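In: quick one, what's the 3D model for this:
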Amino acid sequence: MTGPTPRTRGAELLLARISAAAGRARLGRRRATYPATAHRPRARRGPFRAVLLLADLARRGGSIASRASPNARLDLYEHGATVALNGRIHVVRYDTTAMFRHRTRSRGAAPSGTAVLHTLTDVDRRHLVLRGGPDGGEPPAWEAELQRAVISAQLPGALAALQRGQRLSFGDVWLTREQVGSGGRCTSWSQVQRIGVQDGFLVLTTGGEQHRWGPESRIPNPFVFWALVERHRTDDTR
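Out: All right, here's what the predicted structure looks like:
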């Protein structure tokens, strides 16, 4: 019977750097470690612009969406995560990150080749893209854990802000205790019959009419947004 494979000197040094970065950011106890496929946009762009760049590369067949082999290490902690990529340790805090979700497909790929991309903002305000599972397929274990952690860290504060009468913005969409809106358009929650996503766009139904407000991919932390919506709408369609 053989024991666990001993770590190499390089692996030991990497673990030490990851632990040091997590300690400086006070991320707490390490909960899990996963291999991941990641990409760091070269130019400084807004998170949604970074996602669009990845989508364009995917259509030309050269993006993270077409790479199956993991190239990064993802460590999940109590209060955040680290991503070791190309010699750099990125630190993400659950309570401050903006996480965008986007679906993309390489040119000529079948629907099963569609990937879910997650763009996160680290503590240095740099953007990092993680490749999730195939759209409609089995997601990697870290995906649900990361989403639950961000919801747990950000939802209580968001609910408290709404109780204080504040308006919360999620990209182009905003909401209060009484209304939900986008730009100059708004409606009271009591008038919202349905709210969901069609063809990637946020769609509200009021008075029997549908109103398309913009792409869901522009909504930061969409799972936090939908958790808040869940507490206000009268007809659950998600």
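
In: where do the helices sit along this protein?
Out: 9-24, 47-59, 141-163, 222-230 (DSSP state H).

In: worst mean pLDDT among those helices?
Out: With a mean of 49, helix 47-59 has the lowest mean pLDDT of the helices of the chain.

In: now the residue positioned nearest the centre of the chain. Its backbone dihedrals?
Out: With distances taken as C-alpha atoms, centre = their mean, residue 99 lies nearest the centre of the chain, 3.3 Å away. The phi and psi values for residue 99, taken as degrees, to the nearest 10, are phi -120, psi 120.

In: tally of neighbours for residue 130?
Out: 26 (other C-beta atoms under 10 Å). Heads up, the C-betas are built off the backbone N, CA and C, glycines and all.

In: now do the contacts for residue 77.
Out: 22, 27-31 (C-beta atoms under 8 Å, 6 or more residues apart in numbering).

In: to clarify, my last question referred to residue 81.
Out: For residue 81, the contact set (C-beta under 8 Å, 6+ apart) comprises 27, 74-75, 91-92, 94, 146, 149.

In: change it to 7 Å
Out: By C-beta atoms under 7 Å, 6 or more residues apart in numbering, the contact set of residue 81 is 74-75, 92, 146.

In: and the residues you listed, which two are the farthest apart?
Out: Farthest-apart pair in the contacts of residue 81 is 75 and 146; separation 11.3 Å (C-beta to C-beta).

In: so what's residue 128 bridging to?
Out: Per DSSP bridges, the residues bridged to residue 128 are residue 120.

In: where's it relative to residue 142, distance?
Out: 14 Å (C-beta to C-beta, to the nearest Å).

In: show me where pLDDT drops low in the chain?
Out: Along the chain, the model assigns pLDDT under 70 to residues 1-6, 42-68, 105-113, 135-137, 233-238.

In: who's the closest residue to residue 181 other than its chain neighbours bridged to?
Out: Nearest residue to residue 181, sequence neighbours excluded (C-beta to C-beta, 6 or more residues apart in numbering): residue 174, at 5.5 Å. As for beta bridges, residue 174 partners with residue 169, residue 181 under DSSP bridges.

In: I figured residue 174 hits residue 184, correct?
Out: No. Using C-beta atoms under 7 Å, residue 174 is not in contact with residue 184, being 11.0 Å away.

In: so for these two, which sits in the more crowded spot?
Out: Per other C-beta under 10 Å, whichever of residue 174 and residue 184 has more neighbours is residue 174, with 15 against 5.

In: check contacts around the more buried one.
Out: The contact partners of residue 174, by C-beta under 7 Å, 6+ apart, come to 167-168, 181.

In: and it, how far is that from residue 164?
Out: Distance from residue 174 to residue 164, by C-beta to C-beta: 15 Å.

In: CA atoms only for stretch 217-235, dumped as PDB, please.
Out: Below are the C-alpha coordinates for stretch 217-235, written out as PDB (Å, rounded to 0.1, in the frame of the first residue of the first chain):
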ATOM      1  CA  SER A 217     -24.200  39.200 -18.300                       C
ATOM      2  CA  ARG A 218     -23.900  42.900 -17.300                       C
ATOM      3  CA  ILE A 219     -25.300  42.200 -13.800                       C
ATOM      4  CA  PRO A 220     -22.500  41.800 -11.200                       C
ATOM      5  CA  ASN A 221     -23.100  39.000  -8.800                       C
ATOM      6  CA  PRO A 222     -26.300  37.900 -10.500                       C
ATOM      7  CA  PHE A 223     -27.000  35.200  -7.900                       C
ATOM      8  CA  VAL A 224     -27.100  38.000  -5.200                       C
ATOM      9  CA  PHE A 225     -29.400  40.000  -7.400                       C
ATOM     10  CA  TRP A 226     -31.700  37.100  -8.000                       C
ATOM     11  CA  ALA A 227     -31.800  36.300  -4.200                       C
ATOM     12  CA  LEU A 228     -33.000  39.900  -3.700                       C
ATOM     13  CA  VAL A 229     -35.500  39.700  -6.500                       C
ATOM     14  CA  GLU A 230     -36.800  36.400  -4.900                       C
ATOM     15  CA  ARG A 231     -37.900  38.400  -1.900                       C
ATOM     16  CA  HIS A 232     -39.900  41.000  -3.900                       C
ATOM     17  CA  ARG A 233     -41.500  39.500  -6.900                       C
ATOM     18  CA  THR A 234     -44.900  37.800  -6.800                       C
ATOM     19  CA  ASP A 235     -44.400  35.200  -9.500                       C
END
